[in-house]
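A.B. asks: one predicted model, sequence on top.
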Amino acid sequence: MRQPPPVSVRCSGGRPWRALNLGLPALAAAALAAWIAGHAGAAAASVVLSAVAAASAAAFAATRWLPAPADLVWDGQAWSADGTPGTLDIAIDAGPWMLLRLRPTAGGRRRWLPLSAAEAGPAWHALRVAAFATAGRAGDGLVAAATGAAPPGR
């Protein structure tokens, strides 16, 4: 079987991914602050003010926790992210958006790589071809881990 051609893309997940990573902690903090203020008997204005303050603080803190964008490369033989070689798994394929996981060959921390079609541009199709051609069996491990079943064909 022929190997897919080399491809390189920048993975940051795009604007929706970053907005989700900022918005969810902010909404959770706002809801908690409003709930606490409401149960403490605070006035409606105080509840709103505390919710806005908590949401702002959470959004600011989340900007510090956002992972840095990574360069994902398939050189025709192996995957690497920012120079770290590994095995690529497809965690979520939502059509125009994917969540990939790179397991470093030498061990170490797994890296989650969100990627959108808009971000990948013309390399999107080549990336999907390479990812599915090389990660088919590795992706079965995610299903097996989630269900506790043995991967198919093994």
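C.D. replies: Received the coordinates, thanks. Numbers count the residues shown, from 1 in each chain.

A.B. asks: most centrally placed residue in the protein?
C.D. replies: residue 114 (3.8 Å; CA atoms, centre = their mean).

A.B. asks: ok, that one - contacts?
C.D. replies: 11, 12, 13, 14, 17, 97, 98, 99, 100 (CB atoms under 8 Å, 6 or more residues apart in numbering). Using the backbone N, CA and C atoms, a C-beta is placed for each residue, glycine as well.

A.B. asks: swap in residue 18?
C.D. replies: Residue 18 neighbours (CB under 8 Å, 6+ apart): 12, 66.

A.B. asks: where's it, which helix or strand?
C.D. replies: Element membership for residue 18, per DSSP states H and E: helix 14-39.

A.B. asks: and that helix, what's buried?
C.D. replies: For helix 14-39, the neighbour count (16 or more other CB atoms under 10 Å) marks 14, 17, 18, 21, 22, 25, 26, 29, 30, 33, 34, 37 as buried.

A.B. asks: same check on stretch 39-49?
C.D. replies: Those would be residue 47, for stretch 39-49 by 16+ other CB under 10 Å.

A.B. asks: about what we covered before: ok, the contacts of residue 114 vs residue 76, which is closest?
C.D. replies: Proximity of the contacts of residue 114 to residue 76 (CB to CB) peaks at residue 100, which lies at 17.8 Å.

A.B. asks: partners of that closest one in the sheet?
C.D. replies: residue 90, residue 113 (DSSP bridges).

A.B. asks: can you count the residues close to it?
C.D. replies: Around residue 100 sit 24 other residues, with neighbours defined as other CB atoms under 10 Å.

A.B. asks: quick one: residues contacting it.
C.D. replies: When the contact criterion is CB under 8 Å, 6+ apart, the partners of residue 100 are 11, 72, 88, 89, 90, 91, 112, 113, 114, 115, 131, 135.

A.B. asks: what's the answer for residue 128, then?
C.D. replies: Contacts for residue 128 (CB under 8 Å, 6+ apart) come out as residue 98.

A.B. asks: just to check, residue 112 is in contact with residue 101?
C.D. replies: Yes: in terms of CB atoms under 8 Å, residue 112 counts as a neighbour of residue 101; the distance is 5.6 Å.

A.B. asks: chain center to stretch 41-53: distance?
C.D. replies: Remark: stretch 41-53 is offset 33 Å from the chain centroid, using CA atoms, centre = their mean, to the nearest Å.

A.B. asks: who touches that stretch?
C.D. replies: Residues external to stretch 41-53 that are found in contact with it (CB under 8 Å, 6+ apart): 30, 31, 33, 34, 36, 37, 38.
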